[in-house]
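> only the shape, not the letters, is given here:
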């Protein structure tokens, strides 16, 4: 995997990777940015959420769970001093569907977090992870 950022102006950059997609990066006005893009640490949190979400939904589909909506929220806590690294991450899995088996969701999350998600595996040992699973029955 290769990735790069190209400077636009101020603290604004355009990031890209092998996939060919791009993302705008910037910083808050208070620290010299122009508030025109995602913050790099936001991308880290999105990467965690996306990685585990793809695993979990794939596993739930293989388990023939009738998922009608799925969302993963990541709340990251950062150290107060520089380099202000991420110290804690809570991942909330919100699954909506018909007759969803809670054990199937728990197992899918466990497999993602312990075996498949490379973003979590990369940060394991450096970050404290916690999880929350919320199930909602879909409206008929």
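Here it is on my side, so go on. Just so it is clear, the model here is predicted, and its values are computed rather than measured. Residues are numbered from 1 along each chain as shown.

> next, the buried residues of the biggest helix by length in the chain.
Scanning the chain for the helix with the most residues, using DSSP state H, yields helix 40-62. Applying a neighbour-count criterion of 16 or more other Cβ atoms under 10 Å, one finds 44-45, 47-49, 51-53, 55-57, 59-60 buried in helix 40-62. No exception for glycine: its C-beta is placed from N, CA and C like everyone else's.

> which one of those is nearest to residue 86?
Minimum distance to residue 86 across the buried residues of helix 40-62 is 6.6 Å, recorded for residue 44 (Cβ to Cβ).

> related to what we said a few turns ago, okay, the buried residues of helix 40-62 in JSON lines with pLDDT and distance to residue 109 next?
Shown next, in JSON lines, are those (pLDDT from 0 to 100; distance: Cβ to Cβ, whole Å):
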{"residue": "44", "pLDDT": "97", "distance to residue 109": "20"}
{"residue": "45", "pLDDT": "97", "distance to residue 109": "17"}
{"residue": "47", "pLDDT": "97", "distance to residue 109": "17"}
{"residue": "48", "pLDDT": "98", "distance to residue 109": "13"}
{"residue": "49", "pLDDT": "98", "distance to residue 109": "13"}
{"residue": "51", "pLDDT": "98", "distance to residue 109": "13"}
{"residue": "52", "pLDDT": "98", "distance to residue 109": "8"}
{"residue": "53", "pLDDT": "98", "distance to residue 109": "10"}
{"residue": "55", "pLDDT": "98", "distance to residue 109": "9"}
{"residue": "56", "pLDDT": "98", "distance to residue 109": "6"}
{"residue": "57", "pLDDT": "98", "distance to residue 109": "11"}
{"residue": "59", "pLDDT": "98", "distance to residue 109": "9"}
{"residue": "60", "pLDDT": "98", "distance to residue 109": "10"}
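
> kindly indicate which of those lies nearest residue 128.
Using Cβ to Cβ, residue 48 is the member of these that lies nearest residue 128, at 13.0 Å.

> help me confirm that that closest one comes into contact with residue 119.
Yes. Contact between residue 48 and residue 119 holds when scored by Cβ atoms under 8 Å: they sit 4.7 Å apart.
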